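Q: take this sequence and fold it.
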Amino acid sequence: LDGLMRFVPRKNESEFLAPTFWDQMGQIAATGRITVIALPWAPESAGAGMNKMVAEGKFRDFHRKIAALMIRYNLNRPNVVLRLCWEYNSLGGGGWYHWSTVNDGVGTFRLAWTTAVDTFREAGITEPLWFQCANKGPQNNNKVTGADVWIDAYVDGAGLDHYNSWPPQNHDAGWNTAIN
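A: Below you'll find the model as predicted:
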């Protein structure tokens, strides 16, 4: 096993900040394995307009609390990857995630990204890698590309979530068509 990815519990602030999750992730990171934390920039209870609120700095204190937990549980390490606001280009109900670019636009998402990353860095989180992850398939906003949201000084890598069901790719040719 080279690493592990877990999604932070994110229904509300108390669930998000519960020490158990951060302690478990710290224990994994201490082994030297790649430790990926899928991290939205606010709890789901923040609702629609989340990107605008983050861009305006309304979650800076919340981000400082997360940074403090990361430092406490030894997650300020180069083998930690913060997969911030995955599938940012999803559709469905205005984006099935409140951080979708569909909700507040690409410019607001980009400003929210830099605001969040700046706050984490100011709070001492300097070692983890910052990853963006788009969604591929008919359930995404194909007009928003990785190039639209990429910010060199703030993004270290990118990934792609692709679900094998729109249409299914059950052979090499199907997969090659889907990912190229």
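
Q: buried sites along the lengthiest strand in the chain?
A: The strand that spans the most residues within the chain, counting by DSSP state E, is strand 129-136. Using 16 or more other Cβ atoms under 10 Å as the test for burial, strand 129-136 gives 130, 131, 132, 133, 134, 135, 136. To be clear about C-beta, it is placed using only N, CA and C from the backbone, and glycine gets the same treatment.

Q: tabulate these (CSV), appending distance to residue 108.
A: Shown next, in CSV, are those (distance: Cβ to Cβ, whole Å):
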residue, distance to residue 108
130, 18
131, 20
132, 15
133, 18
134, 17
135, 18
136, 22
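
Q: name the nearest of those residues relative to residue 59.
A: Nearest to residue 59 out of the buried residues of strand 129-136 is residue 130 (Cβ to Cβ; 16.2 Å).

Q: so what sits opposite that closest one in the bridge?
A: In this entry, residue 130 is beta-bridged to residue 82, by DSSP bridges.

Q: contacting residues around residue 111?
A: By Cβ atoms under 8 Å, 6 or more residues apart in numbering, residue 111 lies in contact with residue 55.

Q: which element is it on?
A: helix 106-122 (DSSP states H and E).

Q: now the angle from that helix to strand 129-136?
A: 150 degrees (axes from the mean of the first three to the mean of the last three Cα atoms, to 10 degrees).
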